[in-house]
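In: build me a model from this:
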Amino acid sequence: MQSVQVTDQFTVTWPDPAMSQAPWVGDRMHFPGPTVQLAQHMVGAFQEQILSAPTLFANGYEFSLPPTIPDPPPDVVAGGLAVWHNDYAPRIRAFCERVREADFDGMTAPEAAAAMDRLAGEAIEALRLTMVVVKKFMEPTFVLLQFLESELGADGPILSGTLLQGSKNATAASGAGLDTLAAQAASSAALAEALKSGNFGNLAELPGGREFLAELDRFLNDFGWRAETWGAMHVPTWAENPAGVLDLVARYLAGPADGPGALGRRSTEQQAAALAEVESRLSGDKLATFRKLVAVTQEHVAVSEDRARWQLSIIGVMRLPVLALGRKLAATGALDRPEDIFHLNWDEAMRAANEPGDWVRPTARAGRAEFERWERLAPPPFLGAMPDISQLPPEMLPMVRHFFGLGMPSVSNGVVQGAGASRGTVTGRARVIRHLDESDRLEPGDIMVCVTTAPPWTALFAIAGAIVTDTGGVMSHSGICAREFAIPCVVGTQVGTSVIPDGAMVAVDGEAGTVTILP
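Out: Modelled structure (predicted):
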């Protein structure tokens with residue numbers, strides 16, 4: 001992993017000219033913005049150690065050579081996805097709980113830094129467990145998808161995705177948890193009014209307040225430690241700042257009657273309708289083949305969403321040792337504030353713990369200024385040589401098309417073409433949302449236009465009328481969750497956030513994969 005010298009226009013000075021002949025592709029589905037300096041260490045280690053993908057950072061933006069998805073280890077080959085549920089996910093949960101329970105504030109700065117360094121290695125191992133099951137649940141889905149596309153045409157992929165919905169999964173559970181919080185708040189007029197007014201300070205003193213806060217604690221314990229996106233270690237989690245959850249509950253109280261739970265029931269209905277449609281269009285041996293293929297894909301959404309939940313939770317809990325070290329450095333005057341530690345690179349943070357001299361504060365200040373500049377830039381899709389999908393291993397082609405959604409942008413006569421990921425048509429006002437802290441601009445029925453989504457974003461799917469993303473394919477997190485919430489979704493537009501004006505009226509067709517910018 002390395003950083004390269006680059007201009008604001010992403011003209012690169014390559015340390016080795018041979019690097020310029022390789023395709024360095026930015027993964028904006030997982031890393032939509034610049035990765036803060038400290039987190040580059042873990043992102044690079046993940047990409048290179050687990051995905052065998054050499055990685056560089058240009059103006060903080062991640063670019064990697066084509067990744068290799070690891071093969072399932074013998075225990076997954078023999079035990080199937082039960083290994084994820086019975087072994088891997090519990091091990092990751094135990095790691096997260098151990099980090100949350102550690103007394104980093106009781107350590108010296110060198111001790112906290114050593115713990116942070118050790119836990120980073122353990123975090124990479126935990127992340128590895130989320131990747132070695134990928135082929136086991138994705139490959140059967142891609143077989144089903146390609147079969148239906150061959151037999152039913154262009155709507156085969158979207159039907160395949162819809163067939164997988166309606167099962168128990170972490171996203172549905174998170175939505176149900178928010179539903180429970182909203183219902184509990186609604187049972188107390190005083191509590192509901194306080195939430196809708198943004199008065200979160202004295203909830204425990206109101207009728208039903210203590211019970212509501214106990215339910216909130218349960219929700220945050222399960223879902224509150226997820227990072228905003230995979231590269232956003234510097235952004236506080238809901239567990240650290242529950243105001244984001246309370247604001248969502250308040251918006252559910254003030255908005256339409258249909259919350260996440262009701263929308264989830266619609267998803268189950270759409271799954272049943274998709275199954276009936278496919279079975280009506282196939283017969284004989286083709287129908288028998290379909291039934292065999294769909295039977296082995298039922299774990300896809302459950303494992304996919306659980307993996308995302310734990311990946312983001314690993315990143316979220318790693319904030320704890322980092323911020324503990326930041327507090328120690330700020331207490332000695334080495335940093336202006338604890339959060340500035342994220343603007344040191346990993347080696348600088350390790351050095352600062354042992355040599356907290358006058359060099360630390362200006363280094364962190366310069367790093368913060370750099371990061372703020374990076375956030376204003378628009379990265380290209382790749383650096384170096386243009387990617388040639390035909391050169392990828394055959395097993396990666398479905399992943400590139402249907403998960404990452406890589407492709408050339410298409411905009412003509414006010415129509416932005418992406419890939420249809422969730423059926424339905426809707427017209428509404430476009431709201432370009434780049435960060436969760438902008439989500440208060442999203443009103444019920446608005447079309448959320450974003451680079452990507454991650455599990456913490458999906459609470460907004462109960463507010464939005466449709467989802468439009470720059471990245472991803474029909475089997476991306478955005479597509480899965482749009483189908484879970486039964487709203488139209490167009491993914492993989494590549495340029496939606498750039499060409500769709502914020503506030504414009506747009507018509508979204510989630511089956512055709514089009515977004516029409518209306519006059």
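In: could you pull out the helices for the stretch 301-450 of the chain?
Out: 319-331, 346-354, 360-375, 397-398 (DSSP state H, counting those that start in this stretch).
In: give me the pLDDT value at the nearest residue to V278 once chain neighbours are set aside.
Out: Excluding its sequence neighbours, the residue lying closest to V278 (C-beta to C-beta, 6 or more residues apart in numbering) is L159, at 5.8 Å. The way it works is simple: take the backbone N, C-alpha and C, and place the C-beta from them, glycine included. Predicted confidence (pLDDT) for L159: 94.
In: hang on, L159 packs against A276?
Out: No. With contact defined as C-beta atoms under 8 Å, L159 and A276 do not form a contacting pair (10.9 Å).
In: show me which of the two is the more surrounded one.
Out: Shown here are L159 and A276; by other C-beta atoms under 10 Å, L159 has more neighbours (22 against 10).
In: secondary structure element for that one, which one?
Out: Per DSSP states H and E: L159 is located in helix 156-163.
In: quick one: contacts of that helix?
Out: 141, 144-150, 152, 270-271, 274-275, 277-278, 294, 297, 402, 419-423, 474-475, 479-480, 483, 510-511 (C-beta atoms under 8 Å, 6 or more residues apart in numbering).
In: can you say which of the helices of the stretch 301-450 of the chain is nearest to N199?
Out: helix 319-331 (27.7 Å; C-beta to C-beta).
In: centre of the chain to the closest one, how far?
Out: 26 Å (C-alpha atoms, centre = their mean, to the nearest Å).
In: can you give me the buried ones in it?
Out: In terms of neighbour count (16 or more other C-beta atoms under 10 Å), helix 319-331 has its buried residues at 319-330.
In: ok, now stretch 460-480?
Out: 460-480.
In: how about stretch 175-187?
Out: Result for stretch 175-187 [16+ other C-beta under 10 Å]: buried residues 175-182, 184-186.
In: next, format those as JSON lines and append secondary structure and distance to V77.
Out: Below are those laid out as JSON lines (DSSP: H, G, I helix; E, B strand; the rest coil; distance: C-beta to C-beta, whole Å):
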{"residue": "G175", "secondary structure": "helix", "distance to V77": "33"}
{"residue": "A176", "secondary structure": "helix", "distance to V77": "33"}
{"residue": "G177", "secondary structure": "helix", "distance to V77": "34"}
{"residue": "L178", "secondary structure": "helix", "distance to V77": "37"}
{"residue": "D179", "secondary structure": "helix", "distance to V77": "38"}
{"residue": "T180", "secondary structure": "helix", "distance to V77": "39"}
{"residue": "L181", "secondary structure": "helix", "distance to V77": "41"}
{"residue": "A182", "secondary structure": "helix", "distance to V77": "43"}
{"residue": "Q184", "secondary structure": "helix", "distance to V77": "45"}
{"residue": "A185", "secondary structure": "helix", "distance to V77": "47"}
{"residue": "A186", "secondary structure": "helix", "distance to V77": "49"}
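In: adding pLDDT, write these out as a markdown table.
Out: Formatted as a markdown table, the buried residues of stretch 175-187 follow (pLDDT from 0 to 100):
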| residue | pLDDT |
| --- | --- |
| G175 | 83 |
| A176 | 85 |
| G177 | 90 |
| L178 | 89 |
| D179 | 87 |
| T180 | 91 |
| L181 | 93 |
| A182 | 92 |
| Q184 | 93 |
| A185 | 94 |
| A186 | 93 |
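In: for those residues, which one is nearest E101?
Out: For the buried residues of stretch 175-187, the nearest to E101 is G177 (22.2 Å; C-beta to C-beta).
In: show me what contacts the residue nearest to that closest one when sequence neighbours are not counted?
Out: Excluding its sequence neighbours, the residue lying closest to G177 (C-beta to C-beta, 6+ apart) is F219, at 4.4 Å. Going by C-beta under 8 Å, 6+ apart, F219 touches 177-178, 180-181, 245.
In: F219: what secondary structure?
Out: helix (DSSP: H, G, I helix; E, B strand; the rest coil).
In: please, where are all the strands along the stretch 251-400 of the chain?
Out: Under the criterion DSSP state E, counting those that start in this stretch, strands of the stretch 251-400 of the chain are mapped to 382-384.
In: so Q146 sits in a strand?
Out: No. If the criterion is three-state DSSP, then Q146 is helix and not within a strand.
In: tell me the phi and psi of the spatially most central residue of the chain?
Out: Taking C-alpha atoms, centre = their mean, the centroid of the chain lies closest to A454, which sits 2.3 Å from it. The phi/psi pair for A454 (degrees, to the nearest 10) reads phi -140, psi 170.
In: so what's it scoring on pLDDT?
Out: Model confidence at A454 (pLDDT) stands at 92.
In: that one touches L312, doesn't it?
Out: Yes. Taking C-beta under 8 Å as the definition, A454 is a contact partner of L312 at 6.2 Å.
In: identify the contacts common to these two.
Out: With C-beta under 8 Å, 6+ apart, A454 and L312 have common neighbours 226-227, 229-230.
In: sketch out the low-pLDDT regions of the stretch 251-400 of the chain for me.
Out: 255-264 (pLDDT under 70).
In: need the contact list for H41.
Out: Per C-beta under 8 Å, 6+ apart, neighbours of H41: 1, 120, 345-346.
In: nearest residue to Q311 other than its sequence neighbours?
Out: T130 is the one closest to Q311 (C-beta to C-beta, 6+ apart), at 5.3 Å.
In: I misspoke; the intended subject was T162.
Out: The nearest residue in space to T162 (C-beta to C-beta, 6+ apart) is A274, at 3.9 Å.
In: surely E211 is in contact with Q184?
Out: Yes. Using C-beta under 8 Å as the test, E211 is close enough to Q184 to be in contact (6.6 Å).
In: backbone phi and psi for M408, please?
Out: phi -80, psi 140.
In: measure it to P67 for me?
Out: M408 sits at a distance of 21 Å from P67 (criterion: C-beta to C-beta, to the nearest Å).
In: the more surrounded of those two?
Out: P67 (21 against 8).
In: who touches the more buried one in this structure?
Out: Neighbours of P67 in contact, by C-beta under 8 Å, 6+ apart: 47, 51-53.
In: then V468?
Out: So V468 contacts 416, 418, 430, 447-450, 489-491, 493, 496, 500, 506, 508, 515 (C-beta under 8 Å, 6+ apart).
In: coming back round to it: any chance of the buried residues of helix 319-331 in CSV, plus distance to D340?
Out: Formatted as CSV, the buried residues of helix 319-331 follow (distance: C-beta to C-beta, whole Å):
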residue, distance to D340
R319, 14
L320, 17
P321, 16
V322, 11
L323, 11
A324, 14
L325, 11
G326, 7
R327, 11
K328, 12
L329, 8
A330, 8
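In: in the stretch 51-200 of the chain, which spans are strands?
Out: 55-58, 61-64.
In: which strands or helices does the first one pack on?
Out: Using 3 or more C-beta pairs under 8 Å, 6 or more residues apart in numbering; DSSP states H and E, the elements in contact with strand 55-58 are strand 2-3, helix 37-45, strand 61-64.
In: any idea of the mean pLDDT in that strand?
Out: For strand 55-58, the mean confidence score works out to 97.
In: closest to F63 among the contacts of H41?
Out: So of the contacts of H41, ranked by how close each gets to F63 (C-beta to C-beta), first place is M1, at 10.9 Å.
In: identify the residues contacting that closest one.
Out: By C-beta under 8 Å, 6+ apart, the neighbours of M1 are 40-41, 43-45, 47-48, 54-57.
In: how about the residues you listed, which pair is most distant?
Out: Applying C-beta to C-beta across the contacts of M1, the maximum distance is between H41 and P54, 15.0 Å.
In: break this structure down into its structural domains.
Out: Domain assignment for the chain by automatic domain parsing gives 2-68+378-397, 398-517.
In: okay, the ones you listed, which one's buried deepest?
Out: Across these, averaging neighbours per residue (mean count of other C-beta atoms under 10 Å) puts domain 398-517 on top, at a mean of 22.
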